[in-house]
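J.: Next comes the sequence, and after it the predicted model I'd like to discuss.
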Amino acid sequence: MSTRPIHDYAVLSDRRSAALVGTDGSVDWLCVPRFDSPAIFGRLLDDEAGHWSIRPSGPADVSRRYAQETLVLETTFRTATGTVVLLDALAMGHRERGHALGASSPGVLLRQITCTDGSVNIEISYAPRPEFGLIHPVMAPVRGGLTAYGGAHLLMLSSPVALDVSRSTAHAEVSLTAGQRVGFALHAGSPWADEPATWSARRIRRRLNDTIKGWRSWSQAHQGYRGPWQEQVGHSGRVLQALTFAPTGAIVAAATTSLPESIGGDRNWDYRYTWVRDASFTLQALATVACQKEKAAFFGFLARAAATQLERGVDLQIMYGIGGERDLSERIVPHLSGWRGSAPVRVGNGAWQQRQLDVYGELLDAAHQLLPPGEQLDPHTRTLLLQAAEAAARRWSEPDQGIWEVRGPSRHFLHSKLMCWVALDRAIDMAPALEATTDRVAEWQETRAQIRTAIETRGWNARLGVFTQSFESDELDASALMLPLVGFLPGHDPRVRSTIDAIAARLTDAHGLVRRYLSDDIAAEEGSFLLCTFWLAHALALTGETTRARNVFETVLDHSNDVGLLAEEVSSTTGEALGNYPQAFSHIGLINAARAIHQAEQDAHSASPLQG
C-alpha cells in the first residue's frame, strides 16, 4: 500500500496527460495518452502498480522548485560526495508557444540528471505496470534503450545506460562527476503501430529547453493580474493550464483518482473529468490571469458536450469526460489497495447520473461572463442557454443531490435553489442575446422573485441566525458563502454577515480551515476543504473585512506544498493533504479570492476621506 504523503508530489503536464513525481525522484503516477487513461505508473495507489525512479543511491538532502514560470520540475539532491539536479517534464510539441502550448504534445516523459558538484552514484529503477498494475510487460533491450510491451501499450525507454531486467523491472547504476549528465525519454505508443524511435541525449536536452520556453511564453502572455499574491495567482493559472485537455479545452477537476477524503475511508472518487459546477468560477479565474482564449475554449467544450440533452427532456448532465463523453460509469479496481489502504479504488464516477439543479446557474453564469455586451450567439448555443433557463425555472422547486453530490435521499438544498436564481438572473440580463420574448422574460422575473422569497424564508433559520444547508434545516454548510459571491445579497447584509461569522466559528477547524458541513457521520471524518476556506476569504472581502480575509487567505497558502500545489482537503487532525491532487477548484478559489481581496482593498482606499 502507498504511504507517501500526497503533498510530497509535484505535477507534470503536457496538457493531455499528467505525471506525479515524488521528492525521492520517483514518478508514481502517469496516465497516457489522456488524463483519464489507465495508469502505467500507479504506485500512488499501490506499491506494486508501477514507478520510475532516478535518485542518488545513498542519503541526500532534497530541495526542488519549478523552473521559473514553468511546470518543468528541478529536484536538487545534495549528498556527502556531490550534488545532482534532476529535470523532469512532459514534453510539449516542438516550438509550441503561447496559446499553442500542448497542441501537438508527443506524449513523452523527459528526465535528465546532471552532476553539478563532486561525484554522485545514481540508481535507476524502472517498473512500468500498464492498466493500473494489471500488466507486467515483456521487456527487451534495443539500441539506445529498452522496449516494454503487453496489453494496449508499447513503451520505448530511451536510455544511455544499460539496464538489467528482472521480472518486468529494469535497474541500473551510473556514477556521475561534475559536468556529466544523462538523459532519458519514455514514449508510450501502440503495439500495432511502428515502434517509436529512441531519442538521443541531444534531442532530450533540446526538447527540455524547448518545453521550458513554451511554458514561459504562455506565462508571459497571461499576466493580467497585478496585486497581492501575484506569484501564487500566476502559478495557479499554470496549474489550471496543466489540468486542461488541449484538444477540447476541458479542465479536469484533478489529475488523479481515488485519493481519499478521509484516510482509510471509502469516499474515493475519480476526478479526471470536467464538472459543469466548476464552470463559472473557472471562467472568473481564467479572466483574472488573462486567459481569454482558454475561457472561450472551456465554454465551447461545455456547450458541445451538453448539446441536445435539454431538448430531449433530460436533466443537464453535471459532468462530462474530457472528450465530451457522457457515460462515465463507475467501476472498482479490486487489485489496488489504495493510498494508505483507502479502498476501493474507482475508475469512472457514478455522480454523472445524479440530478444537481445548480448546473443551470453555473452554465448561464459562465455564458454571462464570457458574452461581451451586444454579442450575438450562434443558434445552437442560444438554444442550449434558453433551455437551461427554462429548466431552472421549471425545476427549481424540486429536490436534488446538491453541490456535494450526496449519495442518499434528495433534499431541497439552498445552494441548488440559489444557482437556479442565478440561472434566471443571468438569462434576464442576457435576454437580447438569447432573443427571449417579453413574455418569457416576465415569466423568468416572476420565478426569480419566487426563488428569492423561498431562499429568504425557508433557507433562513431565524432561531440560529444563519442560512442553512437545506430548507427548514439546522445544519450549516459552507456553500451558503456563495450568497454574496454570486450577487444574491450584498456583503453588508446582516444575514450574510451572521452566516459568515457562524461558518467561521462552527465549521472552521483548529488549523483555521473550513469544513463543508457537519451534518452526517461521514462529514465528521473528512478533511477541511481548501475551496471553502477560499470562499470564506472571498466573502469576508465582500463584507469589507479585508484584514480577516487576508488572514484566512494566508492560512490556506500555508497548506500548499514546497512547489505551490494545493490538494482538495486537509486533515482536521493531522494537517496533511487529502483528496485528489492537484485540485483545480482549490487553485480557482485562490485566484478568485486574491482578486476579491485586492479589489476590496482598492475600493476601501478610494473611499478613504484622506484620498482626493
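T.: Now that the structure is in, tell me what you want to look at.
J.: In this structure Gly118 contacts Ser175, no?
T.: No: here Gly118 does not reach Ser175: they are 11.0 Å apart, not a contact under C-beta atoms under 8 Å. For every residue, glycine as well, the C-beta is placed using N, CA and C.
J.: does Pro191 sit in a helix, a strand or a coil?
T.: coil (DSSP: H, G, I helix; E, B strand; the rest coil).
J.: Now the residue nearest to it when sequence neighbours are not counted: which helix or strand?
T.: Residue nearest to Pro191 in three dimensions, not counting chain neighbours: Leu154, with 4.4 Å by C-beta to C-beta, 6 or more residues apart in numbering. Taking DSSP states H and E as the criterion, Leu154 maps to strand 153-158.
J.: And that strand, what does it pack against?
T.: Judged by 3 or more C-beta pairs under 8 Å, 6 or more residues apart in numbering; DSSP states H and E, strand 153-158 is in contact with strand 145-150, strand 181-189.
J.: Now do the last one: distance to the chain's middle.
T.: Meaning strand 181-189. Averaged C-alpha coordinates place strand 181-189 at 27 Å from its chain's average position (C-alpha atoms, centre = their mean, to the nearest Å).
J.: ok, residues contacting the following helix or strand past it?
T.: Heading C-terminal from strand 181-189, the first helix or strand you meet, by DSSP H and E, is helix 201-220. Outside helix 201-220, the residues that touch it by C-beta atoms under 8 Å, 6 or more residues apart in numbering are 67-72, 87, 89-92, 94-99, 101, 108, 110, 112, 158, 160, 181-185, 199, 234, 237-238, 241.
J.: ok, Asp378 to Ala303 distance?
T.: According to C-beta to C-beta, to the nearest Å, Asp378 and Ala303 sit 9 Å apart.
J.: which of the two has more neighbours?
T.: Ranked by neighbour count (other C-beta atoms under 10 Å), Asp378 and Ala303 place Ala303 first, with 18 against 9.
J.: Now do the same contact list for the more buried one.
T.: Ala303 sits next to His380, Thr381, Leu384 when contact means C-beta under 8 Å, 6+ apart.
J.: Kindly supply the PyMOL command isolating those of those that are buried.
T.: When burial is assessed using 16 or more other C-beta atoms under 10 Å, the buried subset of these is captured in PyMOL by this command:
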select buried, resi 381+384
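J.: Between the contacts of Ala303, which sits nearest Leu336?
T.: The nearest member of the contacts of Ala303 to Leu336, counting by C-beta to C-beta, is Leu384 at 38.5 Å.
J.: Wait, a strand at that closest one?
T.: No: applying three-state DSSP, one finds Leu384 to be helix, outside a strand.
J.: looking at it, it is touching Ala306, isn't it?
T.: Yes: Leu384 is in contact with Ala306 according to C-beta under 8 Å; the separation is 6.2 Å.
J.: Mutual contacts of these two, please.
T.: Shared contacts of Leu384 and Ala306, defined by C-beta under 8 Å, 6+ apart, are found at Leu363.
J.: want to try a markdown table for the helices and strands packed on strand 153-158, with distance to Arg43, mean pLDDT and mean neighbour count as columns?
T.: Below are those laid out as a markdown table (distance: least, C-beta to C-beta, whole Å; pLDDT from 0 to 100; neighbours: other C-beta atoms under 10 Å):
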| stretch | distance to Arg43 | mean pLDDT | mean neighbour count |
| --- | --- | --- | --- |
| strand 145-150 | 16 | 94 | 22 |
| strand 181-189 | 15 | 95 | 22 |
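J.: Out of the ones you listed, the one nearest Gly341 is which?
T.: Gly341 lies closest to strand 145-150 among these, at 27.5 Å (C-beta to C-beta).
J.: Against which helices or strands is that closest one packed?
T.: Using 3+ C-beta pairs under 8 Å, 6+ apart: strand 145-150 touches strand 138-142, strand 153-158.
J.: could you give the angle of that strand to strand 153-158?
T.: Counting by axes from the mean of the first three to the mean of the last three C-alpha atoms, to 10 degrees, strand 145-150 lies at 170 degrees to strand 153-158.
J.: picking up where we left off before, can you list residues touching both of Asp378 and Ala303?
T.: Joint contacts of Asp378 and Ala303 (C-beta under 8 Å, 6+ apart) do not exist.
J.: Tell me where the stretch 401-550 of the chain has strands.
T.: 460-461, 466-467, 528-529 (DSSP state E, counting those that start in this stretch).
J.: could those be laid out in TSV, adding distance to Thr211, mean pLDDT and mean neighbour count?
T.: Listed next are the strands of the stretch 401-550 of the chain as TSV, based on distance: least, C-beta to C-beta, whole Å; pLDDT from 0 to 100; neighbours: other C-beta under 10 Å:
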stretch	distance to Thr211	mean pLDDT	mean neighbour count
strand 460-461	53	98	18
strand 466-467	47	98	26
strand 528-529	33	94	26
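J.: which residues of the stretch 1-150 of the chain score low on pLDDT?
T.: Scanning the stretch 1-150 of the chain for pLDDT under 70 picks out the ranges 1.
J.: Likewise for the stretch 401-550 of the chain?
T.: For the stretch 401-550 of the chain (pLDDT under 70), the answer is 407, 519-525.
J.: Helices of the stretch 501-612 of the chain, start to end?
T.: For the stretch 501-612 of the chain, the helices defined by DSSP state H, counting those that start in this stretch occupy 521-525, 530-543, 546-557, 584-607.
J.: and Asp47, which of those is closest to it?
T.: helix 521-525 (24.9 Å).
J.: Could you check how many residues crowd around Thr248?
T.: Neighbours around Thr248, by other C-beta under 10 Å: 19.
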